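Asks: predicted model, plus sequence, below.
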Amino acid sequence: MTQRNIINDLYAQQPKMSATDSKIAAVILADPSLVVNMTIAALAQAAQVSEASVSRFCRNLNRDGFHQVKIELAQAAEDQHNYYHDIHADSTDQALQNIAENKIAEVKATLQGIDSAQIDTLLTWLKQAPVIQCAGAGGTYPVALDAVYKFNQLGFLALCDATYETSMAQTMNLPTGSVLLVISNSGETAHLINQAQYAKQHDIHVVALTNRDDSPLGKLAEVHILTAVRQQVFESEYYFSRLSATAAIEALFLLLLAQDPAYSDHIQAHEHLIADAKI
């Protein structure tokens, strides 16, 4: 079982936290290593909340208590990639460096957080699936398109569609044993939840890529890949990164490619057929 990263959980859950929990999370994320040596009273004072609020915060994170939170923070705080680096307009060089650090953190945390046993199961499903459908909405739809391209290159029949009505119709026509791969940052997109629910009722494997462990889509999925995020947009209200989801798809592609040389042959054949489109 893969070790959960408490920093990832804090970033993922922060947009949905109560005002009180957000205050506590902000103090922790500002300097996780400092909180490791705090008492519950000191953290409460720093966040300007009660000690009881800190205890509730720990339970809301699905941790047993403040002691467990401190242990996990101690494990995560040593890795500087776990920290968010602010982006300021006064220095383009520094801003680019900080963006790079944030993106490295997202990819690293996503791939390190994947449960290898679940991925082995998913790879088997993908290889056996008569059809793979990829579904996304808004900013995640390009990731679904990328997944479709990669799976077809490997020799799997994969499809997607930008309109919900057509995508839902595709889900209704999936044969038993197919895979529905759903990509959503929040895991709360109603259309995607509808597709996942239908798929589960008709013996179609549901796989979700979301930012949150407790998301509705994540709970519906048989395999749930958590995509880590560090990039903040609109202060702390909105978190988005297409890179971590794309990295997860890339990892599936490379793992499949490593398992069977025939997939490489299929890619080469495809590249040969489209070669006349290149200069």
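Replies: Thanks, I have it. Numbers count the residues shown, from 1 in each chain.
Asks: distance of the residue most central in space within the chain relative to residue 200?
Replies: Nearest to the mean C-alpha position of the chain, counting by C-alpha atoms, centre = their mean, stands residue 227 at 1.5 Å. Using C-beta to C-beta, to the nearest Å, we find residue 227 at a distance of 21 Å from residue 200. Backbone N, C-alpha and C define where each C-beta goes, glycine included.
Asks: give me the nearest residue to the residue nearest to the centre of the chain, chain neighbours excluded.
Replies: Closest residue in space to residue 227, ignoring its immediate chain neighbours: residue 244 at 4.0 Å, by C-beta to C-beta, 6 or more residues apart in numbering.
Asks: so who does that neighbour touch?
Replies: Residue 244 makes contacts with 106-107, 109-110, 227-229, as judged by C-beta atoms under 8 Å, 6 or more residues apart in numbering.
Asks: in the stretch 151-279 of the chain, which spans are strands?
Replies: For the stretch 151-279 of the chain, applying DSSP state E, counting those that start in this stretch gives strands covering 158-159, 179-183, 205-210, 223-226, 232-233, 238-239.
Asks: go on, the stretch 1-150 of the chain?
Replies: Under the criterion DSSP E, counting those that start in this stretch, the stretch 1-150 of the chain contains strands at 132-136.
Asks: can you show me the helices along it?
Replies: 6-13, 19-30, 32-35, 40-47, 51-60, 66-77, 92-112, 116-128, 141-154 (DSSP state H, counting those that start in this stretch).
Asks: the ones you listed into TSV, with extra columns for distance to residue 160?
Replies: Below are the helices of the stretch 1-150 of the chain laid out as TSV (distance: least, C-beta to C-beta, whole Å):
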stretch	distance to residue 160
helix 6-13	25
helix 19-30	35
helix 32-35	38
helix 40-47	43
helix 51-60	35
helix 66-77	35
helix 92-112	21
helix 116-128	15
helix 141-154	5
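Asks: the ones you listed into a markdown table, with extra columns for mean pLDDT and mean neighbour count?
Replies: As requested, these are exported to a markdown table (pLDDT from 0 to 100; neighbours: other C-beta atoms under 10 Å):
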| stretch | mean pLDDT | mean neighbour count |
| --- | --- | --- |
| helix 6-13 | 80 | 23 |
| helix 19-30 | 90 | 18 |
| helix 32-35 | 86 | 18 |
| helix 40-47 | 93 | 18 |
| helix 51-60 | 93 | 17 |
| helix 66-77 | 85 | 18 |
| helix 92-112 | 82 | 16 |
| helix 116-128 | 96 | 15 |
| helix 141-154 | 96 | 20 |
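Asks: looking at those, which is nearest to residue 221?
Replies: Among the helices of the stretch 1-150 of the chain, helix 116-128 comes nearest to residue 221, with 10.0 Å by C-beta to C-beta.
Asks: with residue 155 as the reference, measure out to the nearest residue to residue 167 once chain neighbours are set aside.
Replies: Take residue 167 and drop its neighbours on the chain: the residue closest to it by C-beta to C-beta, 6+ apart is residue 161, 4.5 Å away. Distance of residue 161 to residue 155, given as C-beta to C-beta: 21 Å.
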